[in-house]
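In: What follows is a predicted structure for the sequence shown.
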Amino acid sequence: MVTTTELLPADLVRRCDPADIPFASTADARGVVEVLGQDRALEATRFALGVHHDGYNVFALGPDGIGKQTILRQLLDREAATRPTPADWCYVYNVADPQRPRALRLPAGTASVVRADLDRALVELRGAVRSAIDREGAIGGVRRVLARVRDAYRGSPAVLEYLAQVEIDILRRVMTEPEACDRLHRYEVHVVVDHGAKAGAPVIHEENPTHAHLLGQIEHVPETGPLAPERLRVHAGALHRANGGYLLLDARALLRQAPAWDALKRALRTHELRIESPQHPLGPIPTISVEPEPISLDLKVVVFGDRTLYYALAALDPELGTLFKVVADFEVSIDRGPGADAAYAQLIAGLVRKEALRPFDRGALARVIEQAARLASDAHKLSLRLGPLVDLLTEADDCARRANHPDVTAGDVQLAIEARLRRAGRLRDQMLEALRKKVLLIDTTGEAIGQVNAISVTELGGDMVAYPTRITAVARMGGGEVVDVEGEVELGGPVHAKGIMILTSLLGARYAQHVPLSLFATLVFEQSYGGIEGDSASLAELCALLSAIADVPIRQSIAVTGSVNQHGELQPIGGVNEKIEGFFDACRDRGLTGDQGVLIPRSNVQHLMLREDVVAAVAEHRFHLYAVDHVDEALALMTGREAGVRDADGSYPEASVNARVEARLAEFAQDAQRYLQGDQRGHRPRPGQWAHLARSRSQ
C-alpha cells in the first residue's frame, strides 16, 4: 500500500527561536567577524604555511562571496607577524658585465639608506674629479670620498665588496676617459625592495597579476641618441615585494594572463626571480639586451578560486599538483542548531559593526538566520556566503532608517526581503501576464490525459526564476521507442536525455517483461523554445507518459517536480523552494481554489524554507504540498486512482493505473504481432482495425 504525505506548515520552514540568541541586540555582542565552519580550510592553510619544503603552496577552493580572500588575508597577516622581516634587494652596476646588473642583498630596511649614501658620494666624486686641471689629484679625491663611505659600512660585506669594485672601475676610467665624471650615474643603487621600518614578513595581494606586475620590469632611460643599457630603472613586481613572505592571488585573474601563470610556475620551480620580457605569442620580439642577475626566491603563494576552475586547471596542467600541493577547500554552509544559530548571530553582529549599521534586535537576527538557511537551500544549513548576507543587512538597515526605527526589527528584515523579490520580479511578472492572457497555456484546474504541469527554473544574474511548464505525451503502437522531442531538435542536454532513457528502461522492466515493448511515444515541453537540461522533470514526464498509455486523466491542479530512477524511486532535485513558489504564484494570480499544490520528492522536505505567503496559504488550506517516495504514490495522487501493487500471482489490481498501463502495452504488442502476420500473408490491416479490436477486448 503506497502512502502520500501532505506537508504541514511546520514542515515548510525551520524557524529560528530568538531565545537561542545570547544577546538582546547586536549592540551587546562582541562585534567580531567570526570565521565559521572553515576548520578544514584553515587547517590545510596552516599546515602549508608551516611546511618549509618545495611545492607546499596553497590553492583555496570555494565560490565567490564566502569570504575566502578576507579569511586568508587575516590568517596570513597573523602568520606574517611572527616571521622575521626579510632582506632588502637592490640592483647595482656590474663592472665585469655591464649587461647583467648585480643583485645586492642587504639587511632589512637599509636599501634606501645605502642608495642615499652612495648618491651623495657620487656627487662628491663628480666634484672631486672635476676640481682636480691633474690625474693624481683626481685619484686621491676618489679614494678619500669612497674611504668615508666604506667606514660607514664596515659591517656590511656586500656593500664593501661593491664599493671596492666601484673604486677600481672609477679609477680605471679616470685614467682613460676624460668624460668619466659625467657617467658616474652607472654606479647608482637601484632599490627593488626596501622593507623600511616594517616588522614581520610581507603579505602582498596582487589584484592585477600581469607578467610585469608579478615579475617586475626594467625601464630604460634615454639619454642622447640610442638607449643606454647601463642607465635603467627597475620596477619591483609582486614576487619581489612578497619575497620572504606571502603572496595572495586570484586564480581567475592570474589565468587570464598566460605569460604570468607560466612565469609564476617557473619562479616557484627554480626558486629564482628573473626580471624578463614575456614571450610574445607570435614569437620572440626584440628587447634591450639587459639581463639582471636573478634574485633568490623564498615565499608561500596562496591562490584562491572556484572549484570548477581548479579542477579544469588540474586536468590541463600537470604542474599544478607539484607546485600547489595543498588544497584548502572552503565550505559554503554550516549545519544548523541552537549552538550554530548563536554563533551565526555573533557573525552577523560582527558584520553589522563592520558596516556601521543600526543594531539588530533578537527578532531581526532570527529572521536573518532563517534567510541564511534559505540562501543555503537547506533548512538544516546556514549559508556562509557573506556577500548576499551583507547586502541583506544593509537593505534591512535602510528599511529601519525609513521607518525611523532605532534598531532593525524582524519587520525591517522582511521588508528588505520582499523589496529584493520585487526588484528581481520582472521575468516572474511577465510569466504571470502570459498565463493570464493565455499566451502561455497552463491549466491549474481540471484533468487531462497525457498532460502534466512540471516546473522549470532558470538562474539569471544570481536570481532563480521558476515557472510552470506543460509536458505532454502521446502513445501508440510502435517498436519500443520513447522519443524526446527536445533531444531530437537538439534543445535537450545530456542529463535530460539520460532521464528519458531511464523512463524507457523503467517502462520495459515494470510492464513488458514477458512481451515486446511495442510502444512509440513522444514527450515534449510545450511552448519551450530554449534549451532543456537536467532530470528534475523526469517524474512529470513519466506521469504524463503513463497517463497517455493508460488513457487515465491527470490532475492539472497539482504540479510535479522530481527525478526518478529505474526502480521508480524519487530522487531530490535542486531549486525546490523556487519551484514551489513559482507554481504558487501562477495559481494565486488566477485565484487559489483550495485543491492546488505541488508534489515533491520526500527527500526534498529537508530543504524547504518557503516564503511567508506560501506557508500562510498552506496553513489556511488554500494550497497544498505533498511529499512522495515512489512514482506509484505520485500516480495515485495525480489520478485519484489506486496505482496498484502486484499480488502473489504477479498481477496488478484490475482497476489500478498500473494494470491499465500493462494491459495497454500488451495490446500494443498483440496488435504489432497481428500487423506483422497480416503483412507476411500479403495484406495489411486497415488503419484503425486493430485499435477497434483492442477496444472491444478491453470492454
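Out: Yep, that arrived. Residues are numbered from 1 along each chain as shown.
In: pLDDT below threshold where in the stretch 301-450 of the chain?
Out: Within the stretch 301-450 of the chain, no stretch has pLDDT under 70.
In: go with 90
Out: Within the stretch 301-450 of the chain, the segments meeting pLDDT under 90 span 337-339, 386-387, 424-432, 435, 440.
In: what does the stretch 501-650 of the chain give?
Out: 501, 503-505, 507-519, 527-536, 648-650.
In: Show me the strands in it, by range?
Out: Using DSSP state E, counting those that start in this stretch, the strands of the stretch 501-650 of the chain run over 519-525, 553-555, 558-560, 563-564, 570-571, 597-601, 624-628.
In: Could you do the stretch 251-400 of the chain as well?
Out: Counting by DSSP E, counting those that start in this stretch, the strands of the stretch 251-400 of the chain are 272-273, 295-296, 300-305, 326-329, 333-335, 381-383.
In: same thing with the stretch 51-200 of the chain?
Out: 58-61, 88-92, 102-106, 190-193.
In: could those go into a markdown table alongside mean neighbour count?
Out: (Each C-beta comes from the backbone N, C-alpha and C, glycine too.) Output for the strands of the stretch 51-200 of the chain, formatted as a markdown table (neighbours: other Cβ atoms under 10 Å):
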| stretch | mean neighbour count |
| --- | --- |
| strand 58-61 | 24 |
| strand 88-92 | 24 |
| strand 102-106 | 20 |
| strand 190-193 | 22 |
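In: Compile the ones you listed into TSV and extend it with columns for mean pLDDT and distance to Leu592.
Out: Listed next are those as TSV, based on pLDDT from 0 to 100; distance: least, Cβ to Cβ, whole Å:
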stretch	mean pLDDT	distance to Leu592
strand 58-61	96	45
strand 88-92	93	73
strand 102-106	92	77
strand 190-193	92	70
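In: looking at those, which is closest to Ala616?
Out: Taking Cβ to Cβ, strand 58-61 is the member of those nearest to Ala616, at 40.2 Å.
In: circling back to that earlier point, redo the strands of the stretch 501-650 of the chain as CSV? Include distance to Thr26 and mean neighbour count.
Out: Below are those laid out as CSV (distance: least, Cβ to Cβ, whole Å; neighbours: other Cβ atoms under 10 Å):
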stretch, distance to Thr26, mean neighbour count
strand 519-525, 48, 22
strand 553-555, 48, 22
strand 558-560, 40, 26
strand 563-564, 42, 23
strand 570-571, 41, 20
strand 597-601, 36, 26
strand 624-628, 35, 21
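In: As TSV, the ones you listed with distance to Leu665 would be great.
Out: Below are the strands of the stretch 501-650 of the chain laid out as TSV (distance: least, Cβ to Cβ, whole Å):
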stretch	distance to Leu665
strand 519-525	6
strand 553-555	18
strand 558-560	22
strand 563-564	18
strand 570-571	23
strand 597-601	25
strand 624-628	24
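In: which stretch among these comes nearest Leu676?
Out: Using Cβ to Cβ, the nearest of the strands of the stretch 501-650 of the chain to Leu676 is strand 519-525, at 14.8 Å.
In: ok, that closest one: who's next to it in the sheet?
Out: Sheet pairing for strand 519-525, assigned by DSSP bridges, gives strand 463-477 (antiparallel), strand 481-484 (parallel).
In: right, so those: which one is the most enclosed?
Out: strand 463-477 (a mean of 20; mean count of other Cβ atoms under 10 Å).
In: Wait, Asp378 touches Val605, no?
Out: No. At 10.9 Å, Asp378 does not count as touching Val605 under the criterion of Cβ atoms under 8 Å.
In: Neighbour count: the two, which is higher?
Out: Asp378 (20 against 17; other Cβ atoms under 10 Å).
In: how does this protein divide into domains?
Out: 16-33+333-423, 38-84+200-282+290-330, 87-196, 440-639, 657-698 (automatic domain parsing).
In: How far away from the center of its chain is the longest one?
Out: Domain 440-639 sits 29 Å away from the centroid of its parent chain (Cα atoms, centre = their mean, to the nearest Å).
In: What are the contacting residues of stretch 518-525?
Out: 454, 456, 469-486, 500, 507, 532, 537, 541, 544-545, 548-549, 665, 668-669, 671-672 (Cβ atoms under 8 Å, 6 or more residues apart in numbering).
In: Pull out the buried residues from stretch 393-406.
Out: Leu393, Glu395, Ala396, Asp397, Asp398, Cys399, Ala400, His405 (16 or more other Cβ atoms under 10 Å).
In: Now flag whichever of the residues you listed is closest to Pro516.
Out: Looking across those and measuring by Cβ to Cβ, the closest to Pro516 is Glu395, at 61.6 Å.
In: quick one: contacts for the nearest residue to that closest one once chain neighbours are set aside?
Out: Excluding its sequence neighbours, the residue lying closest to Glu395 (Cβ to Cβ, 6 or more residues apart in numbering) is Ala416, at 3.9 Å. By Cβ under 8 Å, 6+ apart, Ala416 lies in contact with Leu392, Glu395, Ala396, Asp398, Cys399.
In: now do 7 Å
Out: Leu392, Glu395, Ala396, Cys399 (Cβ atoms under 7 Å, 6 or more residues apart in numbering).
In: Equivalent analysis for Lys498, please.
Out: So Lys498 contacts Asp535 (Cβ under 7 Å, 6+ apart).
In: can I assume Pro359 is in contact with Asp28?
Out: No. The pair Pro359 / Asp28 is not scored as a contact, 8.3 Å apart, by Cβ atoms under 7 Å.
In: Can you get me a residue count around Asp629?
Out: Asp629, neighbours per other Cβ under 10 Å, totals 18.
In: unless I'm mixing things up, it is touching Leu570, no?
Out: Yes. Asp629 is within contact range of Leu570, at 5.9 Å (criterion: Cβ under 7 Å).
In: Let's have the strands paired with strand 519-525 in JSON lines, adding mean pLDDT and distance to Glu136.
Out: Formatted as JSON lines, the strands paired with strand 519-525 follow (pLDDT from 0 to 100; distance: least, Cβ to Cβ, whole Å):
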{"stretch": "strand 463-477", "mean pLDDT": "90", "distance to Glu136": "85"}
{"stretch": "strand 481-484", "mean pLDDT": "88", "distance to Glu136": "99"}
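In: of those strands, which approaches Ala636 most closely?
Out: Here strand 463-477 is closest among the strands paired with strand 519-525 (Cβ to Cβ), at 18.6 Å.
In: what angle do that closest one and strand 597-601 make?
Out: Computed by axes from the mean of the first three to the mean of the last three Cα atoms, to 10 degrees, the angle separating strand 463-477 from strand 597-601 equals 80 degrees.
In: picking that back up, make CSV out of the strands of the stretch 51-200 of the chain and add distance to Val598.
Out: Shown next, in CSV, are the strands of the stretch 51-200 of the chain (distance: least, Cβ to Cβ, whole Å):
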stretch, distance to Val598
strand 58-61, 35
strand 88-92, 66
strand 102-106, 69
strand 190-193, 63
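In: How many residues are close by the closest residue to Glu276 other than its chain neighbours?
Out: With Cβ to Cβ, 6+ apart as the criterion, Glu276 has its nearest non-adjacent residue at 6.7 Å, and that residue is Leu215. Here the number of neighbours of Leu215 (other Cβ under 10 Å) works out to 25.
In: is it true that Leu215 touches Ile275?
Out: Yes. With contact defined as Cβ under 7 Å, Leu215 and Ile275 form a contacting pair (5.9 Å).
In: mind checking which of the strands of the stretch 251-400 of the chain is nearest His205?
Out: Between His205 and these, the shortest gap by Cβ to Cβ is with strand 300-305, which sits at 9.4 Å.
In: From the contact counts, what lies against the closest one?
Out: strand 58-61, helix 68-81, strand 246-250, helix 251-255 (3 or more Cβ pairs under 7 Å, 6 or more residues apart in numbering; DSSP states H and E).
In: These: which one's closest to Ala340?
Out: helix 68-81 (17.9 Å).
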